[in-house]
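In: Sequence below, structure please.
(one chain, ligands or ions: 1)
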Amino acid sequence: MTTSTVFSQGPLGDLHRELTRIGRLRQALALLGWDQETLMPPGGAAARAGTIGDLTEIVHRRAIAPELADRLSAAEAEAQAVGSAVAVAYCREARRDHERRCNVPPELAQAIARTASEAQQVWRAARAASDFARFQPCLEQLLALKREEAQAVDARRAPYDTMLDDYEPGMTGPRMQALVTAVKPTLVELVARYAPRMGGVRADFMAGPFPVGAQQQIAREIIAGMGFDLQRGRLDVSTHPFCSGLATGDVRLTSRYHESNLDSIFSVIHEAGHGLYEQGLDPAWELTPYGGAVSLGIHESQSRLWENLVGRSAPFWTHFFPRLQALFPAELGGVTREEFLRAINRVQPSLIRVEADEVTYSLHVMLRFEIEQRLVAGELAVADLPAAWREQMRALLGLEPPSDREGVLQDIHWSFGAFGYFPTYFLGNLYSAQIYEAAGRALPDLDGDLARGLLAPLREWLGAQVHRHGSHYAPLELCRRVTGQELDPACYLTYLQHKLTGLYG
Ligand code: ZN
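Out: Take a look at the predicted model:
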């Protein structure tokens, strides 16, 4: 029996139809969210919050329905009987999603949603006023609720592991700590070695002005070259860049444009990296847990691979730099490709994570990981967060934030209870270097292709190796299959060292 027959009738077919229906409701929610960030007028906010709240509740009820549990059990039995690896993995993902939701009592889920929504408002005000004390009670409450949720999901596991598992299935706090410990000293050393040299790097031309129309033009040319299909996707403007995969045929990217810099180029490449993953998922399974991206870490590996390993590399700009010069003749006409490369790869400790360079970025993430792990374990009190933050910033980046606004209050994540989310940014960096190394072995003339503007071979390889599989393989297993080895932080360090030596000596 073929996979498609199995899923068209019987218990597996029943389950698949119901999960697809739930997926369609989630798609509607995602579209409401996309609209809220791009087109909705401010006056729509209150009504939209109500609609999203009600629809979320409907989806949740449907996803925990006892009938779904019955369908799931019947489908699991059939999957075992037919012995199909796809059917077994399909049920595993469906069960994971279902149980996680069922184990959380509805009152607790509601309390978390309510507190998170309030905490976000309070966080915004506290950040604007640089007043951590205002945010502290909300964060304490939210942290307590999230701990309770983790206990409800799995009382046998450490709460932080359960939180991490939500974003990166299979990852644990100790394993994450081992990766951090393996990488941190070298990163600190690289920053100490290279940051002092940046004074001699020419970067005056990076301030523009770069007309926005021309930035949008090069952004479109680059994503077209990457193979992001605009018949199955869009590129719009929003305050914070993001990618929303509504379906494999409807993937929406956003970016922001400022005349004073070229950040839009890298943010568009980044989001298009996410977008290629979403467009590359197998449409046969779309809208189901099995058909979606496997983890945030793997998702981030795709965006970072394109943004940093490709988008900040010499071969890539061999093709695109002349085009960039043609679009910005006044600013870049007298700049060489090598000067441009040195400028876009500068290593400079800074206070704000989202503005950090490729090397210091991971240090920002490690700081958050180590702090949130201690918070969740009860080893650090919320009241002591600002001090812990300042101490870590000094230790890792040699900087002290002049205010909490530029310190502990800068990120939105904790304000909506997303503990365990930050590490996926670091994992993305590790995976991206290891996957790119494997791509280089599989595509012997990868650099030559990039220099000729041929990005399709890389995209196709990533599609076949990573995108197509959806959630069939767990992240660490996928990494093993794609690269032939366990997740190894050495790849990331080798890549950085090699790159920095090449650029700055
Ligand atoms: Zn990203």
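
In: Please make it C-alpha for all contacts and neighbour counts, starting now.
Out: Will do.

In: Can you tell me the centre-most residue of this protein?
Out: The residue lying closest to the centre of the chain (Cα atoms, centre = their mean) is Glu300, at 4.0 Å.

In: That residue is in contact with Phe422, isn't it?
Out: No. At 11.1 Å, Glu300 does not count as touching Phe422 under the criterion of Cα atoms under 8 Å.

In: if we can go back for a sec, A helix includes the residue nearest to the centre of the chain, no?
Out: Yes. According to DSSP: H, G, I helix; E, B strand; the rest coil, Glu300 belongs to a helix.

In: That one - nearest residue in space that isn't next to it in sequence?
Out: Closest residue to Glu300 apart from its sequence neighbours, by Cα to Cα, 6 or more residues apart in numbering: Gly428 at 4.6 Å.

In: roughly how far apart are that neighbour and Trp306?
Out: 12 Å (Cα to Cα, to the nearest Å).

In: Backbone torsions only: list them for Val294.
Out: The phi and psi values for Val294, taken as degrees, to the nearest 10, are phi -80, psi -30.

In: How many residues are close by the closest residue to it other than its chain neighbours?
Out: The shortest distance from Val294 to any non-neighbouring residue, by Cα to Cα, 6+ apart, is to Ser471 (4.3 Å). Residues lying near Ser471 (other Cα atoms under 10 Å) number 23.

In: what does Pro444 give?
Out: 10.

In: Give me the three-state assignment for it.
Out: Three-state call for Pro444 (three-state DSSP): coil.

In: Same question for the one 4 residues further on.
Out: Look at Gly448: counting by three-state DSSP, its state is helix.

In: I figured it was touching Pro315, is that so?
Out: Yes. Between Gly448 and Pro315 there is a contact under Cα under 8 Å: 7.1 Å.

In: now the helices for the stretch 51-200 of the chain?
Out: 66-82, 85-102, 106-129, 132-153, 159-167, 173-194 (DSSP state H, counting those that start in this stretch).

In: Ok, the stretch 251-400 of the chain next?
Out: 263-280, 296-304, 314-327, 329-332, 337-344, 358-377, 385-397.

In: sorry, back to before: among the helices of the stretch 51-200 of the chain, show me which one is buried the most.
Out: The highest average neighbour count among the helices of the stretch 51-200 of the chain, using mean count of other Cα atoms under 10 Å, belongs to helix 159-167 at a mean of 22.

In: now it, how far from the centre of its chain.
Out: 16 Å (Cα atoms, centre = their mean, to the nearest Å).

In: same question, stretch 430-441
Out: On Cα atoms, centre = their mean, the centre of stretch 430-441 falls 17 Å from that of its chain.

In: what comes into contact with that stretch?
Out: With contacts defined as Cα atoms under 8 Å, 6 or more residues apart in numbering, stretch 430-441 is touched by 297-298, 300-302, 304-305, 309, 446, 458, 461-462, 479, 482-483, 487-489, 491-492, 495.

In: Show the buried residues in those residues.
Out: Among those, those classed as buried by 16 or more other Cα atoms under 10 Å are 297-298, 300-302, 304-305, 309, 446, 458, 462, 479, 482-483, 487-489, 491-492.

In: one step back: just the element for the residue nearest to Val294, please.
Out: Ser471 belongs to no helix or strand when assigned by DSSP states H and E.

In: pLDDT value on Thr2, please?
Out: Per-residue pLDDT puts Thr2 at 61.

In: Numbering from 872 from now on, please.
Out: Renumbered: residue one is now 872, and that last one reads Thr873.

In: got the buried residues for stretch 1209-1223?
Out: Buried residues in stretch 1209-1223 (16+ other Cα under 10 Å): Phe1211, Leu1212, Arg1213, Ala1214, Ile1215, Asn1216, Arg1217, Val1218, Gln1219, Pro1220, Ser1221, Leu1222.

In: Kindly report the same for stretch 1140-1160.
Out: 1140-1154, 1156-1160.

In: and if you look at stretch 1198-1205?
Out: For stretch 1198-1205, by 16+ other Cα under 10 Å, it's Leu1198, Phe1199, Glu1202, Leu1203.
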